[in-house]
Structures are given as C-alpha cells and as structure tokens.
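Asker: task: produce atomic coordinates for the following.
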Amino acid sequence: MNIFVLMKRTFDTEEKISIANGKINEEGAEFIINPYDEYAIEEAIQVRDQHGGEVTVVTVGNEEAEKELRTALAMGCDKAVLINIDDDVEEQDQHTVAKVLAEYLKDKNPDLILAGNVAIDGGSGQVGPRVAELLGIPYVTTITKLEIADGGKVTVVRDVEGDEEIIETSLPLLVTAQQGLNEPRYPSLPGIMKAKKKPLDELELDDLDLDEDDVEAKTKTIEVFLPPKREAGKILQGELADQVKELVHLLRSEAKVV
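Answerer: Have a look, this model is predicted:
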C-alpha cells in the first residue's frame with residue numbers, strides 16, 4: 001500500500017511565544033511535529049504494518065523542518081520529502097501549501113493519505129481537504145477509527161461534536177486524524193539510528209513544474225498579536241440577593257454578555 005502523511009512543523013505551544021515586527025519571533029522558539037500530525041504518522045505506520053507497503057512523510061517548509069522529518073522517520077516512516085519553497089514564495093497560506101502538496105502527489109498513485117485534523121498554530125483544518133479536492137479523491141475529516149478491508153473497502157469513525165459518525169468509503173482516500181485515533185509512539189533509540197540512513201529528499205518549486213503565480217497566496221495576514229492579558233476575577237460580597245443584582249449589572253455593563 002502506498003501511504004503518505006502530510007506533516008507540519010509547528011511552534012511548541014507550551015513555550016512562550018513573542019511577537020516582533022508584526023510576526024512571531026522564531027529566534028529561540030521550540031518547534032515540534034504538529035501534535036495532530038503525530039496521530040496521522042502513527043496510524044500510517046500501523047496500516048503499513050497490517051497491510052504492507054511504504055509510508056512517506058511530506059512537509060512544505062524550510063531546511064529547519066528536517067529535524068521533524070527525521071523524528072517521523074525515527075517513529076517508523078520509510079521515507080521523507082521536504083519541499084522547500086521559502087526562497088521562491090514570500091507569502092504562503094493554505095492554498096499555497098495544498099497546491100504544492102497536490103502537485104507532488106498527483107503522479108505518486110497514493111492509496112491512502114493521512115494528515116492532522118488541524119495545525120495547532122493556524123487551526124484552519126483546510127490543507128487536507130484542499131489536497132483531496134485537487135487530487136479528485138474522497139476525504140473524511142476528524143477520524144477516530146480507521147479500518148481497511150481486502151479490496152480497498154474502508155470504514156471510518158468520525159468525531160462530530162460529542163457524537164460519532166460511521167462512514168464507508170474506498171481507496172484512494174484522504175483522512176485527517178483527530179485525538180483518540182491512537183497513541184503515537186516515541187522514537188526508540190534503534191529507530192533514531194535507522195532514521196539517519198533513511199532517504200530524505202529535498203525538492204523546490206521548480207522540481208514540481210510550478211511557478212510563483214501558481215501558488216500565490218489567496219489570503220493576507222493583516223496583523224499578528226497576542227491575546228490580551230486576563231484580568232483578575234471579582235469576588236462579590238454581601239447578601240445573596242445583592243450579589244445576584246451586582247452580578248447581573250457586571251454582566252451587562254462590563255462583560256456585555258446579557
């Protein structure tokens with residue numbers, strides 16, 4: 001089975017993030033594999049181990065993303081591909097990334113493509129479905145279970161706001177992974193050593209027969225800012241009836257929610 005994972009390198013949100021000149025300051029920041037992509041990587045490895053084939057992890061980024069790709073290889077992926085377009089494309093958005101990934105995948109005959117449900121930095125959840133649309137294959141988002149039977153029949157369980165939906169479809173297919181799909185493994189020491197010898201190819205825009213106009217961003221970031229600091233809460237005093245009156249007054253005058 002020919003399996004691909006779409007991976008993104010993201011900020012570690014447990015680290016302190018600062019803004020400089022209207023952009024997130026990357027100097028000294030920690031980067032990780034997008035956590036939802038880890039579920040996709042783990043599921044891809046399990047599908048390969050059950051059905052055979054090969055897992056290729058792909059990312060659109062710069063040379064710094066090699067570290068996260070090597071981590072994916074150490075987890076058990078077979079190959080990695082870094083598509084570096086930073087030198088050619090100044091502004092990127094979900095359209096840019098999806099167009100590049102679809103162009104790379106269009107002649108690879110993928111049976112299964114997995115991606116994270118969302119990226120924790122942007123949270124749009126657009127790239128996976130956009131890639132599927134460009135490739136003309138079905139897709140199912142926010143999956144929590146994946147079963148592939150002989151003949152390419154696929155059954156997935158999809159998370160739908162506190163409930164679940166069971167869908168039957170067929171390969172080729174793109175799915176996006178939700179928390180609960182599996183428990184991603186940690187890279188083992190033998191896996192880390194093997195990862196150093198596994199192939200990691202680097203491509204550029206020219207290698208995909210694309211030019212800047214083909215992947216021009218469709219959106220523009222106007223401003224980047226940190227959320228306002230939370231103010232200290234208020235403790236109401238007095239009789240219960242007086243507290244209720246004061247609470248209603250504050251909800252109307254300060255919180256403006258009633």
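
Asker: OK, contacts around the nearest residue to residue 100 once chain neighbours are set aside?
Answerer: Spatial nearest neighbour of residue 100, chain neighbours left out: residue 60 (5.2 Å); criterion: C-beta to C-beta, 6 or more residues apart in numbering. C-beta: built from backbone N, CA, C; applies to glycine. Taking C-beta atoms under 8 Å, 6 or more residues apart in numbering, we find residue 60 in contact with 83, 85, 92, 96-97, 100-101.

Asker: which residues does the one helix or strand residue 66 maps to contact?
Answerer: Using DSSP states H and E, residue 66 sits in helix 66-75. Outside helix 66-75, the residues that touch it by C-beta under 8 Å, 6+ apart are 5, 7, 9, 31-33, 38, 41-42, 45, 57, 59, 79-80, 82, 184-188, 191-192, 194-196, 198, 200.

Asker: if you set the cut-off to 6 Å instead, what comes out?
Answerer: 9, 33, 41, 57, 80, 185, 187, 191-192, 195, 198, 200 (C-beta atoms under 6 Å, 6 or more residues apart in numbering).

Asker: how long is stretch 156-168 end to end?
Answerer: One end of stretch 156-168 sits 6 Å from the other (C-alpha to C-alpha, to the nearest Å).

Asker: what separation do you get for residue 91 and residue 223?
Answerer: Residue 91 sits 15 Å away from residue 223, taking C-beta to C-beta, to the nearest Å as the criterion.

Asker: give me the more crowded residue out of the two.
Answerer: residue 91 (12 against 6; other C-beta atoms under 10 Å).

Asker: which SS class is the more buried one?
Answerer: Three-state call for residue 91 (DSSP: H, G, I helix; E, B strand; the rest coil): coil.

Asker: leaving out chain neighbours, which residue sits closest to it?
Answerer: Nearest non-adjacent residue to residue 91, counting by C-beta to C-beta, 6+ apart: residue 217, 4.4 Å away.

Asker: and that neighbour, what does it touch?
Answerer: 91-93, 96.

Asker: pretty sure it is in a strand, no?
Answerer: No. Assessed with three-state DSSP, residue 217 is coil; it does not lie in a strand.

Asker: per-residue pLDDT, it?
Answerer: Here the pLDDT value assigned to residue 217 is 89.

Asker: okay, how far is it across stretch 227-244, tip to tip?
Answerer: End-to-end span of stretch 227-244 (C-alpha to C-alpha): 30 Å.

Asker: now it: average pLDDT?
Answerer: The average pLDDT within stretch 227-244 is 84.

Asker: outside of stretch 161-168, which residues touch it?
Answerer: Applying C-beta under 6 Å, 6+ apart, the external contacts of stretch 161-168 come out as 140, 155-158.

Asker: on that earlier part again, Throw the contacts of residue 60 into a markdown table and include distance to residue 227, secondary structure and neighbour count, thanks.
Answerer: A markdown table is the format used below for the contacts of residue 60 (distance: C-beta to C-beta, whole Å; DSSP: H, G, I helix; E, B strand; the rest coil; neighbours: other C-beta atoms under 10 Å):
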| residue | distance to residue 227 | secondary structure | neighbour count |
| --- | --- | --- | --- |
| 83 | 32 | strand | 22 |
| 85 | 30 | coil | 22 |
| 92 | 24 | coil | 17 |
| 96 | 26 | helix | 21 |
| 97 | 25 | helix | 25 |
| 100 | 31 | helix | 23 |
| 101 | 31 | helix | 26 |
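
Asker: thank you, goodbye.
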